[in-house]
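# Sequence plus predicted model, see below.
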Amino acid sequence: MKKYMVISEEVQEAMDSGKPVVALESTIISHGMPYPQNLETAKACEEIVRENGCVPATTAIIDGKIRVGLSEEELEFMATSKDIIKCSRRDYAYVVANGLNGATTVATSIITASLAGIKLLVTGGIGGVHRGAEETFDISRDLQEIASNNVAVVCAGAKSILDIGLTLEYLETFGVPVFGYQTKEMPAFYTRSSGFNLDYKMDETSEIANAISTKWDLGLNGGVVVANPIPEEDEMDANVINKAIELALIDAKKEGIHGKETTPFLLGRVLTATGGNSLESNIALVKNNAKIGAQIARELYNN
């Protein structure tokens with residue numbers, strides 16, 4: 001992997017000494033938020049991870065090299081460059097082979113974490129089964145990478161632009177447990193509830209870490225989703241956000257938006273429709289995930 005991967009000095013030292021490491025994705029930086037909020041949020045999340053006793057490892061591809069842990073200059077580059085490909089599994093080898101720049105989605109962040117030996121990834125919300133997938137077959141690669149790799153993913157549930165019920169069914173089919181952190185209901189990114197119950201509610205991060213470790217110790221390969229709801233004070237009104245999503249879906253259909261362009265398009269329309277409030281909620285939930293994710297990682301590496 002030395003031919004393809006560059007691990008930062010901070011991350012390598014942590015891995016060598018057995019200190020817990022938390023992977024972070026970079027699509028949220030390059031395609032998920034506007035500048036300068038994207039850079040501010042990336043730096044804040046890294047600092048939150050450090051404050052909670054772990055080392056952050058933001059992942060990306062820069063000049064064809066898979067990066068595990070970014071410098072401030074590299075974070076700035078990911079936040080400002082217009083020459084960055086939204087990189088899922090199908091793009092990964094091409095971007096590396098051709099010396100290009102790629103932002104890692106949840107899917108490729110999981111791949112990168114797995115290749116580097118990192119046990120836990122923090123993101124905003126996972127991708128999933130898109131609404132209307134029975135006709136379009138539009139299902140995020142995130143779900144297959146979660147099912148296929150021994151990496152736990154901490155998120156604020158599935159993005160509310162998705163079909164959350166079908167997303168949970170898909171995860172169940174592939175044997176992926178979804179653990180609700182202090183919740184019995186699957187969160188819906190901007191809101192704490194979705195109407196879909198989870199099988200397991202856990203109130204302590206140590207409980208979650210123990211369940212993850214036990215799964216892998218038993219040889220039950222594949223990931224785990226930790227559903228961590230957005231803080232109450234930061235959640236949006238469900239009626240407002242659902243109306244914004246419905247209008248965005250209509251616009252996407254009219255404009256022929258599909259594939260990996262769908263999520264950025266929908267989130268952008270929702271941002272406009274909510275007068276910027278959705279961005280504030282997005283930032284709050286990502287920071288909260290960084291905090292809870294680091295606390296789980298600390299326990300996980302000690303198990």
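Done, it's in.
# tell me, which strand in the protein spans the most residues?
Counting residues, the longest strand found in the chain (DSSP state E) is strand 55-62.
# these two touch, right, Val106 and Gly127?
Yes - the pair Val106 / Gly127 is scored as a contact, 6.1 Å apart, by C-beta atoms under 8 Å. Every C-beta, even on glycine, is put in place using the N, C-alpha and C of the backbone.
# any common contacting residues for these two?
Counting by C-beta atoms under 8 Å, 6 or more residues apart in numbering, the residues touching both Val106 and Gly127 are 140, 142.
# so where do the strands sit in this structure?
Taking DSSP E to define them, one finds strands in the chain at 5-7, 21-24, 55-62, 65-68, 85-87, 102-104, 120-122, 152-155, 178-181, 200-202, 224-227.
# buried stuff in the fourth one?
Along strand 65-68, the positions that meet the burial threshold by neighbour count (16 or more other C-beta atoms under 10 Å) are 66-68.
# Name the residues that touch that strand?
In contact with strand 65-68 (C-beta under 8 Å, 6+ apart) are residues 4-8, 11, 23, 57-61, 74, 96, 112, 115-116, 118.
# repeat for the fifth one
Contacts of strand 85-87 with the rest of the structure, by C-beta under 8 Å, 6+ apart, involve 27, 30-31, 61, 91, 95, 100-105, 108, 260, 264.
# Give the buried subset of those residues as a PyMOL selection command.
This is how PyMOL selects the buried members of the contacts of strand 85-87, with burial counted by 16+ other C-beta under 10 Å:
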select buried, resi 27+30+31+61+91+95+100+101+102+103+104+105+108+260
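# now, which of the contacts of strand 85-87 sits nearest Leu220?
Of all the contacts of strand 85-87, Thr108 has the smallest distance to Leu220: 23.5 Å, by C-beta to C-beta.
# Mind pulling the model confidence for that closest one?
Thr108 carries a pLDDT value of 98.
# Distance-wise, check it relative to Val270.
Relative to Val270, Thr108 is positioned 24 Å away (C-beta to C-beta, to the nearest Å).
# same check, this time on Tyr4
Tyr4 is 36 Å from Val270, by C-beta to C-beta.
# More neighbours: which of the two?
Using other C-beta atoms under 10 Å as the criterion, Tyr4 and Val270 rank with Val270 on top: 25 against 13.
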